[in-house]
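K.L.:
no sequence on this one, just coordinates:
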């Protein structure tokens, strides 16, 4: 066995270790925020007196005073922490991210987020600041923002300057809602990945929340998609085999190994134009290497020990809960998955046509040949059939409002 075969096996083994026993299925939530001044809504520099570095330090001190909290440090600087119910970290220009521990209980997600939000707002009031959910920074320009002191981000910014025109916008100006879902087998991964591609345009429309771009009004409903596509197209696109009926863990491993190295955090890296595969030629990847390599690819659905749905704009929690209920009702119901997979036919050309349509027309556009509003309404009905209790109430209430307003955003 060659080292290349061994490294593919290491990646596949990592994915296999993420297979969960069949059950209710959990949702993991990551929600990013901008810290802005209440006057003008300009983002605050991360290293200001009341910047995000200082804010996260205050939040860490508050939580660690009465419970065990693990700090995340780089060169002695606190960049985040891991608490009992959630983790907090900083994105490249100081966007504040909360990552809520995976659970099947959407109500518990709301409770955990509410604790974070209230603590943050008590801290922010002293600086006359606000915590804002938006897909793109609500004012100012990305180039003016400073990076947090993290080597990964310095290297990425330098690399993306050579691969596209929007790398700086992506790193410094965007914020997202990311939802992770479980898979129960390789076949289940394959189905959920393929259905996820088909559903992502609707999920992105439901999460449209980028009224501004570089200080000006924005009419592109998929502005974050445009930015990611213009950052590093190969690294940010779906794997080429993702649309097929035989997409496998090994195919995703090949996709990750075919990317260019940006840097290497665990040893020497010459900075040459070399693929991940060639960088590790002649040696076996460690567990840390595997985690690092998988963190350096950015498709809208990313495979780790779960599937990360990454295409949605950052939202207020009340809107995010509607999206969570829809995802739960569709991805954790075998009949719903089969229904969506059979109903929607997708390939790279059809996806490109869909995104072109809804980026300019919003809910008046088409998704794989279907009217976007009608398709979203049908998906909500299908999802509601697989939900119970509060989860069903959250989605059905949202669906009623969606119908009465003829879609969330009409363009």
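P.N.:
Yes, it's here. None of these values were measured; they are calculated from a predicted model.
K.L.:
in this protein, what spans have low per-residue confidence?
P.N.:
Confidence mapping of the chain against pLDDT under 70 gives the ranges 1, 406-411.
K.L.:
And the top strand by length along it, what does it pack against?
P.N.:
Among the segments of the chain that qualify as a strand by DSSP state E, the longest is strand 27-37. With contacts taken as 3 or more CB pairs under 8 Å, 6 or more residues apart in numbering; DSSP states H and E, strand 27-37 sits against strand 96-103, helix 106-124, strand 129-132, strand 176-181, helix 317-331. Glycine gets a C-beta too; all of them are placed from N, C-alpha and C.
K.L.:
could you pull out the helices for the stretch 301-411 of the chain?
P.N.:
All helices of the stretch 301-411 of the chain, identified by DSSP state H, counting those that start in this stretch, fall at 317-331, 334-343, 348-361, 372-385, 389-404.
K.L.:
wait, the stretch 51-200 of the chain
P.N.:
52-64, 106-124, 151-160, 167-173, 186-206.
K.L.:
Can you say which of those is nearest to residue 338?
P.N.:
Counting by CB to CB, residue 338 lies closest to helix 186-206 out of the helices of the stretch 51-200 of the chain; the figure is 8.1 Å.
K.L.:
Can you give me the buried ones in that closest one?
P.N.:
186, 188-206 (16 or more other CB atoms under 10 Å).
K.L.:
again with stretch 151-165
P.N.:
So, applying 16+ other CB under 10 Å, buried residues of stretch 151-165: 152, 153, 155, 156, 157, 159, 160, 163, 164.
K.L.:
which residue packs closest to the fifth one, ignoring adjacent ones?
P.N.:
What that stands for is residue 157. residue 171 (5.8 Å; CB to CB, 6 or more residues apart in numbering).
K.L.:
Report how many residues lie close to that neighbour.
P.N.:
Here the count is done by other CB atoms under 10 Å, and residue 171 has 21 residues near it.
K.L.:
wait, it sits on residue 158?
P.N.:
No: using CB atoms under 8 Å, residue 171 is not in contact with residue 158, being 10.8 Å away.
K.L.:
where do the contact lists of these two overlap?
P.N.:
The contact sets of residue 171 and residue 158 do not overlap (CB atoms under 8 Å, 6 or more residues apart in numbering).
K.L.:
got the helices of the stretch 51-200 of the chain as a markdown table, with distance to residue 321 columns?
P.N.:
A markdown table is the format used below for these (distance: least, CB to CB, whole Å):
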| stretch | distance to residue 321 |
| --- | --- |
| helix 52-64 | 23 |
| helix 106-124 | 6 |
| helix 151-160 | 30 |
| helix 167-173 | 25 |
| helix 186-206 | 12 |
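K.L.:
Which one of the ones you listed lies nearest to residue 30?
P.N.:
With CB to CB as the criterion, residue 30 lies closest to helix 106-124 of the helices of the stretch 51-200 of the chain, at 11.1 Å.
K.L.:
and the angle from the closest one to helix 317-331?
P.N.:
When axes from the mean of the first three to the mean of the last three CA atoms, to 10 degrees is applied, the directions of helix 106-124 and helix 317-331 differ by 150 degrees.
K.L.:
circling back: list just the one of the helices and strands packed on strand 27-37 that sits closest to residue 371.
P.N.:
Using CB to CB, these put helix 317-331 closest to residue 371, at 17.7 Å.
K.L.:
Can you list the buried residues in that closest one?
P.N.:
Those would be 317, 319-331, for helix 317-331 by 16+ other CB under 10 Å.
K.L.:
Not counting sequence-adjacent ones, nearest residue to residue 387?
P.N.:
Here the residue nearest residue 387, using CB to CB, 6+ apart, is residue 329, at 4.5 Å.
K.L.:
I'd say that neighbour and residue 395 touch.
P.N.:
Yes: at 6.3 Å, residue 329 counts as touching residue 395 under the criterion of CB under 8 Å.
K.L.:
Find residues that contact each of those two.
P.N.:
Both residue 329 and residue 395 are contacted by 383, 384, 387, under the criterion CB under 8 Å, 6+ apart.
K.L.:
Of those residues - the most surrounded one?
P.N.:
Busiest of these [other CB under 10 Å] is residue 383, holding 25 neighbours.
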